[in-house]
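> from the sequence below, what's the structure:
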Amino acid sequence: MARIALIGAGSGFGGRLSVDILSFPELRDGTIALVDINQEAVDTVAGFVRQVVKAHGAPTKIEATTDRREALDGADYVVVAISVGGPAYNGVPYFHEIDIPRKYGVSQQIGDTLGPGGVFRTLRSAPEMLAICADMDELCPDAWLINYTNPMAMLTWAMDEASPVRKVGLCHSVQGTAWQLSNYIGAPFEEMTYWVGGINHMSWFLELERAGQDAYPALREAMNDPETFKKDLVRFEVMRHFGYFVTESTPHMSEYVPYFRKRPELMERFDLHQSNPEKEPSRPYGHWRNDKAFSKEAAQEAAKQGPSGEYASRIIHSIETNTLYRFNGNVRNEGLILNLPYGCCVEVPCMTDATGVRPCVVGELPAQLAALNNANVVVQQLTAEAVLEHDLEKAFMAVALDPLTAAVCSLDEARAMFDEMVEALTPWLGGVM
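Sure thing, here's the model as predicted:
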């Protein structure tokens, strides 16, 4: 009879995760508490989820609230997927995090993980994540925090340092990339196995097999096909030079290294573009909402589905039923990857059952992969320290050391960009200033 709190449920993600949870009969005799700061949003999602419950004929209790503490009281699992300051990719803070760096030549296509955008998204998001941890420590100290909020590594690192709450960060890039790789080599996904380690959005397929045989030769052959290469330009280029395939998409990966976005001709060659969010989002809440997606008929169809590719529901099911399950999670590096800093946030295979989440030891990464990771890890470390120590100077250092920023800006230019971003984003930085 687990109590599961979904924070940020009004985005629509809460509906998807609720459907996943309800797909397991063993999880239906419990409570799903949906939380959002927008009452209309959470009520809409709750109405849909109640229809799914009804279609299952289940006794599941569904709560909808804007009071986080009410939902957390007695929770066994807390899933967090929030965006502080408005829509994740169309809010005013996001506009400043993309537009100001663009003036200084720093082109970001997504800007939610590293770079100036990722650093400032952490500065505005981390205080809220730490507040959730503090509430959990008081109201549900034995619960598992399952985080989906980006920047994954920086936020999870800061929470690890500040709170004893048990936590794991989840992303869908590992399983999503594995599915893509099966398509690239023309193999059924069910035949694929893999061993992946690194950091979030820059983990590496250290082993890739099809039916027990090394699948890298087939992947290299696929890479040599121009049509296949064009489907994933940056990631294939990285594999061509560094030997391994990386987990995050071509647009994302182009932001984390200094090779692809520093000149217009490179961006054209690798089919990259610059994000252009609206400064003043004109669409009210609900612009994303398709009424058909939340209809009774949609709920009845959702009740027929199995769980999606997201890990959260499977982890909860594994712990509740003592069923062994393996996934890739973001956890504290306590001897898991030996040539990345102790205490940083790494993404590694994890086993889970009734005893909880148990990360697996990867050992040493190939030196070139560790070097690429470490260029990101130092940015993550300084940003986490900036949050915990309320030290904006460390946040500047993080921006200045970002691989893409350093490929484009002098230190004076990086300083000017940082100062302009602080001025524009001050309304959202109260938790660290």
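> retrieve the pLDDT associated with Trp288.
Here, the pLDDT recorded for Trp288 equals 48.
> so what's Ile315 closest to, chain neighbours aside?
The shortest distance from Ile315 to any non-neighbouring residue, by CB to CB, 6 or more residues apart in numbering, is to Thr352 (5.5 Å). In short, each C-beta sits where N, CA and C put it, glycine included.
> ok, that neighbour to Ala312 distance?
From Thr352 across to Ala312, the span is 11 Å (CB to CB, to the nearest Å).
> count of neighbours near the closest residue to Arg68 other than its chain neighbours?
Distance criterion CB to CB, 6+ apart; nearest residue to Arg68, sequence neighbours excluded, is Val35 at 5.4 Å. Residues contacting Val35 under the criterion other CB atoms under 10 Å number 27.
> which phi and psi does Val35 have?
phi -130, psi 130 (degrees, to the nearest 10).
> identify the bridge partners of it.
With DSSP bridges as the criterion, Val35 is bridged to Ile7, Thr65.
> how close does it sit to Thr156?
When Val35 is compared with Thr156 (using CB to CB), they lie 20 Å apart.
> also Glu265?
37 Å.
> the two: which has the busier surroundings?
Thr156 (29 against 7).
> for the more buried one, give me the pLDDT.
97.
> same question, the one 3 residues further on
Predicted confidence (pLDDT) at Met159: the value is 98.
> A helix includes Ala395, no?
Yes: counting by DSSP: H, G, I helix; E, B strand; the rest coil, Ala395 is part of a helix.
> what's the closest non-adjacent residue to it?
Counting by CB to CB, 6+ apart, Ala386 is the residue found nearest to Ala395 once chain neighbours are left out, at 3.9 Å.
> if I've got this straight, Ala371 is in a strand?
No: if the criterion is three-state DSSP, then Ala371 is helix and not within a strand.
> pull the number of nearby residues for it.
Neighbours of Ala371 using other CB under 10 Å come to 12.
> do the same with Phe48
Phe48 has 23 neighbours, counted by other CB under 10 Å.
> for the nearest residue to it once chain neighbours are set aside, which residues are in contact?
Closest residue to Phe48 apart from its sequence neighbours, by CB to CB, 6+ apart: Phe294 at 4.3 Å. For Phe294, the contacting residues are 15, 44-45, 47-48, by CB atoms under 8 Å, 6 or more residues apart in numbering.
> how about CSV for those residues, with pLDDT and distance to Met253 added?
Shown next, in CSV, are these (pLDDT from 0 to 100; distance: CB to CB, whole Å):
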residue, pLDDT, distance to Met253
Gly15, 91, 30
Thr44, 91, 35
Val45, 92, 32
Gly47, 93, 39
Phe48, 92, 35
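> of those residues - the most surrounded one?
Val45 (27 neighbours).
> in the helix or strand where that one lies, what counts as buried?
According to DSSP states H and E, Val45 maps onto helix 39-56. Using 16 or more other CB atoms under 10 Å as the test for burial, helix 39-56 gives 41-46, 48-53, 55-56.
> identify, from the contacts of Phe294, the entry nearest to Gly186.
Nearest to Gly186 among these is Gly15, at 34.1 Å by CB to CB.
> which residues touch the closest one?
9, 45, 48-49, 294.
> wasn't it part of a helix?
Yes: under three-state DSSP, Gly15 sits within a helix.
> take the contacts of Phe294 and write them to CSV, including distance to Gln368.
Formatted as CSV, those follow (distance: CB to CB, whole Å):
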residue, distance to Gln368
Gly15, 42
Thr44, 48
Val45, 44
Gly47, 51
Phe48, 47
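> in contact with the closest residue to Ala302 other than its chain neighbours, which residues?
The shortest distance from Ala302 to any non-neighbouring residue, by CB to CB, 6+ apart, is to Val19 (4.6 Å). Residues near Val19 by CB under 8 Å, 6+ apart: 49, 52, 302-303, 305, 308.
> same question, Ala143
Contacts of Ala143 (CB under 8 Å, 6+ apart): 72, 75-78, 136, 165-166.
> neighbour-wise, give me the winner out of these.
Val78 (28 neighbours).
> remind me what the one helix or strand that residue maps to packs against, helices and strands.
Taking DSSP H and E as the definition, one finds Val78 inside strand 77-80. Contact partners of strand 77-80 among helices and strands, from 3 or more CB pairs under 8 Å, 6 or more residues apart in numbering; DSSP states H and E: strand 3-7, helix 115-139, strand 144-147.
> mean neighbour count, these: which tops it?
Among the helices and strands packed on strand 77-80, ranked by average contacts under mean count of other CB atoms under 10 Å, first place goes to strand 3-7 (a mean of 27).
> surely Val92 touches Gly86?
Yes: between Val92 and Gly86 there is a contact under CB atoms under 8 Å: 6.0 Å.
> more neighbours, those two?
Using other CB under 10 Å, the more surrounded residue of Val92 and Gly86 is Val92, with 19 against 14.
> quickly note the distance from Ser308 to Val80.
18 Å.
> quick one, which of those two is more surrounded?
Under the criterion of other CB under 10 Å, the comparison of Ser308 against Val80 puts Val80 first, with 24 against 15.
> wouldn't that one be in contact with Met152 here?
No: in this structure Val80 lies outside contact range of Met152 using CB under 8 Å: 11.1 Å.
> what's near enough to touch the residue nearest to Tyr148 when sequence neighbours are not counted?
Spatial nearest neighbour of Tyr148, chain neighbours left out: Ala81 (4.0 Å); criterion: CB to CB, 6+ apart. If a contact means CB under 8 Å, 6+ apart, then Ala81 has 6-9, 11, 13-14, 148-149 as its contacts.
> I'd like the contacts of Val19 as JSON lines, with pLDDT and distance to Gly363 appended.
Converted to JSON lines, the contacts of Val19 look like this (pLDDT from 0 to 100; distance: CB to CB, whole Å):
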{"residue": "Val49", "pLDDT": "95", "distance to Gly363": "42"}
{"residue": "Val52", "pLDDT": "95", "distance to Gly363": "43"}
{"residue": "Ala302", "pLDDT": "84", "distance to Gly363": "41"}
{"residue": "Ala303", "pLDDT": "86", "distance to Gly363": "43"}
{"residue": "Gln305", "pLDDT": "85", "distance to Gly363": "38"}
{"residue": "Ser308", "pLDDT": "89", "distance to Gly363": "31"}
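> right, I'll call it a day here.
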